[in-house]
Each structure stands twice: as C-alpha cells, then as structure tokens.
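A.B. asks: Next one to model:
(chains A, B and C)
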Amino acid sequence: MVTVVSAILRRDLELGFRRWGDVASPLMFFAIVTALFPLALSPAREVLQGLGPGVLWIAALLAMLLSLNALFRQDLEDGSMEQLVVGPHPLPLIMLAKALAHWLLSGLPLVLLAPLLAVTYHLPAEGVRALCVTLLLGTPTLSLLGSVGAALTAGVRQSGGLLALLILPLCLPVLMFGSRATALAAEGEVVTGPLYLLGALLALAVTLVPATSSAAIRISLD
Amino acid sequence: MKLPTWFHKLGSPPHFYRLATLLTPWFYVPAVLLLLAGTYGGLVLAPADYQQGDGFRIIYVHVPSAYLSTMVYGVMAVASAIGLIWRMKLAHSVAAAAAPIGAWFTFLALVTGAIWGKPMWGTYWEWDPRLTSELILLFIYLGYISLRGAFDDRDKADRACAVLALVGVVNLPIIHYSVIWWSSIHQGPTIKKLDAPSITGDMLWPLLVMILAYTLIFAALLLQRVRAEVLDRERNARWVLDIMGAPAQGN
Amino acid sequence: MINLSNDAMLVADELTLWRGELCLFDGLSVAVEPGQALMVRGPNGAGKTTLLRVLCGLTRPEAGQVHWCGEPVETSGEQFGRALAYCGHQTGLKADLSLAGNLAFAARLAGLHGEPWRDIMAQLGLASRADLLVRHLSAGQQRRGALVRALMVPAQLWVFDEPFTNLDAAGRDWLEARLDAHLDRGGMAIIAAHHELRPRPGLRTLELAEAR
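C.D. replies: Next up, the predicted model:
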C-alpha cells in the first residue's frame, strides 16, 4: 500500500519538476489575480482589509482549478492510467495518491505564497495565520473534489469551462468557511468553529472521494 | 440480487413505452384541472395578506416550483442510482429526461422569488440562504446537462452523469447548510422568511392544490420526455420501426 | 519464479458490445487455458483492440462477463492484476521520463527489484536508449519500450495488442521464442496481430468480422 502511494507520488512529483512551467503558472495566476483587485477597486487600506480574505481565497480556488484540467488528461492520453487500472493495486488508493500529488504540486505552493500576498492586503498577523491554516485545511479538499470532476471530464474534449461548472458549486462550502474564518480572525474573533468544519469537510472528502473518482475514471477509460 | 419480474418488465423499453403512452393523459388531464382550480382559489378566493397585500399570491407559483426543483433532483438521483447499480438503461433515460425539467423549475423558483423580493425586500436579489441554495442548485443542474452534452458516447454519458448526480446528493445538503451558516454569521438573522409564518385555511388549500398540480405536470412531462428519449435511443430497434410504420432497414 | 497455477483460466461468456450504432460483437465466447494462445485477427475497425480491453476489464461489455479463475475480472482485483501483463494500443509511458525511469516505476508497482528490464531491452534493440526521455524516442521505439514493460513482469496472462508491428525480423523471432517459452511454462496469451504467428500447439485464431 505504501509502495504504490510513494511510487505514484515520486513519479508525479518528478514529472511536475520536469515541467515546472505547469506547476508555476497557477502560482503566478494566484499572484496576478490578487494584484488586480487593489488596482481595479481601491488601494485604500480599510477596503483591502475587508476584501482580502475573500479575494485571496477565491484566487486560490481559481488557481487550483486551473491546474486540475491536466490532472488525468495526460495519463489517459498516454495510456499510463489504464496500466494503473489493470494493475494489482486498488484503484481508490491510486486516485488518492494522484490527488495528494496534485495538492503537493499546486495546493501547497499556494499555501506558502499566501502570507506574502496577505501582507499586501494589510491583513493583521492573526488574519495571515488564519489564512494559512484555512488554506492548509481547505486546499486538500479542493484537490480531492477537483479530482472527481477531472476524472469525469478527462475523456471529454475542451473540458475547461465544463470542469469549472462542475467543481465550483461543490467547492463553495470550503470557500465560504475558509474566507469567513480568515475574515473573523482578522477582526480578532475566535475561529475554531469554521476550522473544525473545514476539517470535517476534509475528512468527508478523504473518505468518499477515492471511490467516486475511481468510478469516474473507469467510465472515462471505457 | 434477485429483482421482481415487474421491475424487469418496466425496464424493457417497448413495455415502458406502451405503458407511458397509456398513462400520460391520466396525468395531464387532472394536472390541468387542478391547475385551474388552484389558480382560481389562489387568485380569487384566497384573501389578500394583511401585510403584503396581493403580492403574496406569487407563492402559488413560487412554492410549487421550489418544491419541485429539489423533488426532481431526488427523482434524478434515484434513477441514476438504479441505472448504475442494476445497469438499467431506462433509468438513465429517466434521469436524462428529468434534468432539464428540474432546471426549468429551479429557474422559475428563482425568477418568482426575485419578483417577490421586490415588494418584500425592496430589491430583486438578496443573498438570502434559500435563494442562494436555489441558485447553486441551478448551477448543478446546468453542470449535469452540460456534462451529458459533452460526451459523444451515450453509454458513457449515462454513467458519468449518474456519478455526478450522486455526488450532488451528498453535496447539496452540505452546500445548503453551509449557506445557512454563512448568512447567519454574515448578516445576522434580519431577513424575513419567505413563507408566511401563519397561513389561513383559505390561503393554504389552493397552495396544496397547486403543489399537487405541479407534481402531476412534472410526471406527465417526464413520461413524455422519457418516451421521446426511448424512441431516440432505440431508433433502430424492430419495435420502434414497427410503431413508426417505417420499412425495415437492411441488416 | 513465476507462480503459474494450472487451473487458472480466462473465460469470457456471451460478450456483446455496441459502439454507437455499430455492433462489434454479439454473443462472443472465448476461453483460454494454460499453455494456450489466442490470436485475434480481423480487419481494421473490427474491434480487436476493444475485445482485448474487454478481456482486461478496462471496457465494460453491454452483456456477458469475463472471468479469471472463476471470478469476474472487475472484482478479482489484485489476483487478476498480478496475473496480467497488458500491452495496449497506447504505450503507457510518460513522455517526460526516461525509458528506464518509466520501467523503474512499473517495476516498483509490480514489486520487482533490481533492473529486470536490462536483458529484454537489449533483445529489442533499446539498450542504448534507456536513459533518453521517452519523448525523444521514435514511435516504434516507444512501442517496443511498452513491450519491455509488459515482458519484464512475471505474468501468467499476456494480452498484447499488435506487439509485432514495430519489430524487425530478428525481434519477431525473439518474441516468438519468448512466447513459446511462456506457453511451455503454462502461460497464456491473447494477441491481436496482423502478422501471422508461427503455428504451434495450443494456438487458436479468432477471426473478428467487420462491425455491422
């Protein structure tokens, strides 16, 4: 069990580093989108403090969405997914490993970049900390939910817009809890409630998603 | 699992087609009668609300549509599950036929809700938890319909859409309660509930009649759409060619 | 070395599959026992690749079922996965990894140690290409790379789609000999090929007609 997860992680991370442009572009997207809001709306400190949590979370969500389209596409086209499916290892485990690799390549970098961007929105230290914690708890859920959508649309031509339509409604709870918790923390309130809820969503996603995305990828391979 | 014979018979397209053809008028006729009765009761017999005046009468469209928007999703999800588990193509046809109807009811609920919002809140749109959930539901319906359209292969489309419908079943309650939590923390409970807290008998019965009428209309529309879907899917089958009186093609 | 059981058997019953309006096969039954090879032939578009995918459990037939050792292939999971070496229409190699890197990944998943691909690679004329990225290999070399991956795992059942296409005469002879040895040990093979296989005991041919 450990072998298959670590083998897939190693391979996908190596592929990610080989094509670092694909890894970097969601990060740059994240940075650029957050830079647009002060320019379009207002650079005033209090406006940005109010907008910050929501904007940073939305930008992170869209950045993750950007990288999801490619999650299974290549694997399907070159046949490496069918090799994994006919192999002896349980498909849900493989799908979990794929989602984990996706998070390491496109979720974790966002979490690391977020505090830097939060400072440009004048978020207080409490808010920055909450942003990092909520992103750390929320982005793995986004990777998992996204993997279901990516598996469903992997065999479809021009699936970018379709993927957004399928995934974004499912991601709403994560977005709402994440950005509200950040905003509340920035106002100096206690945010354990939404953090627990984010954790609960993550636990639910880890339990339910692998079986679902396995079913979806089997359909796409058929 | 051993299934009863009637279940298999129902799953057979020609049998279902005949049954549906027979049943459709039995839904349409009472639906229209109830619709007329409910409209008369709602617009004429029911007294005006002491707060909202005649504006409240939109509930006779809004509430049945809102109710059906979720009910249809339930039908779709159950049909999808049956289709996936017992590999029954007819169930997939039912899910496929139900989705656009559900989307229209959702749209109707949103539009009537917005129209009602103008006199009530002084604005067409308010990020009220119910309206927001309804909007998300519309997006989920649209996603379902788009996913179905994206596949060339009908069998693949059926199965992928069924998975999506079931994912939605788990997610819809989560989304709904998240939105409620979010608005309670965000705006405070200042917004009035959409349904009147107390409703008198002569306001209520037309509402119940309308809900029944809408449900029957849905059933009739669904049967009709499934019939069309079945004909399309089985267009080369012997029994369809017989019904259509078309000369048999080669092979 | 290879755990080949004698009562293993692949049985497909009454397979029916439609692709859109085309009936690829209707009520097709296939059985392969240890020591037997099945060659699948037929014109392009007859459904050879699809049949192979159905037999591997990748494509679901409309009716009928494929059994491995008496269990449906969808549920027999690990047991069937260990017994199967599938070399499909697509190579299953990552273009951005070296050939050796790809094979190392496959070996790790199969639980193999060392570099079990060395000899086979040399036989297929790929020895000097091991460290090149797969994207820099020619299409024929990539197909042969996929064949190396399928041959290096100790599987009882080979399901190969057009394995001879990109081999020269020497490579073909080598693969035929390898197939003989595999069958002698009690292996099974299902091979879709244009190329005529050398006649041997236990070889049967399944001729697929053009889809209707």
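
A.B. asks: B:R235 - that's part of a helix, no?
C.D. replies: No: going by DSSP: H, G, I helix; E, B strand; the rest coil, the assignment for B:R235 is coil, not a helix.

A.B. asks: Contact residues of chain A facing chain C?
C.D. replies: A:3-4, A:7, A:10-11, A:14-15, A:18-19, A:74, A:77-80, A:82-90, A:221-222 (C-beta under 8 Å from any C-beta of the partner chain). For every residue, glycine as well, the C-beta is placed using N, CA and C.

A.B. asks: same thing but at 7 Å, please
C.D. replies: A:3-4, A:7, A:11, A:14-15, A:18-19, A:78-80, A:82-83, A:85-90, A:221-222 (C-beta under 7 Å from any C-beta of the partner chain).

A.B. asks: How are the helices of the stretch 1-150 of chain B distributed by residue range?
C.D. replies: B:5-11, B:13-40, B:59-86, B:89-121, B:129-150 (DSSP state H, counting those that start in this stretch).

A.B. asks: Lowest average confidence across these, which one?
C.D. replies: If these are sorted by mean pLDDT, helix B:5-11 sits at the bottom with a mean of 70.

A.B. asks: follow-up on the earlier one: out of the residues of chain A next to chain C, which touch chain B?
C.D. replies: Within these, those near chain B by C-beta under 7 Å from any C-beta are A:D222.

A.B. asks: Name only those of the residues of chain A next to chain C that count as buried.
C.D. replies: Taking 16 or more other C-beta atoms under 10 Å in any protein chain shown as the criterion, what is buried in these is A:4, A:7, A:11, A:15, A:18, A:78-80, A:82-83, A:85-90, A:221-222.

A.B. asks: Any idea which residue of the stretch 101-250 of chain B lies closest to chain A?
C.D. replies: As assessed by C-beta to the nearest C-beta, chain A sits closest to B:S178 within the stretch 101-250 of chain B, at 3.8 Å.

A.B. asks: who's in contact with that residue?
C.D. replies: Contacts for B:S178 (C-beta atoms under 7 Å, 6 or more residues apart in numbering or on different chains) come out as A:172-173, A:176-177.

A.B. asks: Now rank these by neighbours and give me the top one.
C.D. replies: Highest neighbour count within those: A:F177, with 28 neighbours (other C-beta atoms under 10 Å in any protein chain shown).

A.B. asks: can you tell me how far that one sits from C:P61?
C.D. replies: Distance of A:F177 to C:P61, computed by C-beta to C-beta, to the nearest Å: 44 Å.

A.B. asks: you'd agree C:F25 is in a strand?
C.D. replies: Yes: judged by three-state DSSP, C:F25 forms part of a strand.

A.B. asks: picking that back up, out of the helices of the stretch 1-150 of chain B, flag the one nearest chain C.
C.D. replies: With C-beta to the nearest C-beta as the criterion, chain C lies closest to helix B:89-121 of the helices of the stretch 1-150 of chain B, at 9.4 Å.

A.B. asks: Now name the helix or strand holding C:L17.
C.D. replies: Using DSSP states H and E, C:L17 maps to strand C:10-19.

A.B. asks: Remind me what that strand packs against, helices and strands.
C.D. replies: strand C:22-32, helix C:48-56, strand C:63-68 (3 or more C-beta pairs under 7 Å, 6 or more residues apart in numbering or on different chains; DSSP states H and E).

A.B. asks: rerun at 6 Å
C.D. replies: strand C:22-32, strand C:63-68 (3 or more C-beta pairs under 6 Å, 6 or more residues apart in numbering or on different chains; DSSP states H and E).

A.B. asks: And C:I190, its phi and psi?
C.D. replies: Phi and psi for C:I190, reported as degrees, to the nearest 10, are phi -130, psi 120.

A.B. asks: A:A59 - that's part of a strand, no?
C.D. replies: No: read with three-state DSSP, A:A59 is helix and lies in no strand.

A.B. asks: buried set for stretch B:57-74?
C.D. replies: For stretch B:57-74, the neighbour count (16+ other C-beta under 10 Å) marks B:57-73 as buried.

A.B. asks: Kindly report the same for stretch A:10-27.
C.D. replies: Within stretch A:10-27, the residues that count as buried by 16+ other C-beta under 10 Å are A:11-12, A:15-16, A:18, A:22-23, A:26-27.

A.B. asks: Also stretch C:85-100?
C.D. replies: Quick answer for stretch C:85-100 (16+ other C-beta under 10 Å): C:85-100.

A.B. asks: Now do the buried residues in the longest helix along chain C.
C.D. replies: Secondary structure of chain C read by DSSP state H shows that its longest helix is helix C:169-184. Of all the residues in helix C:169-184, those buried under the rule 16+ other C-beta under 10 Å are C:171-172, C:174-176, C:179-180, C:182-183.
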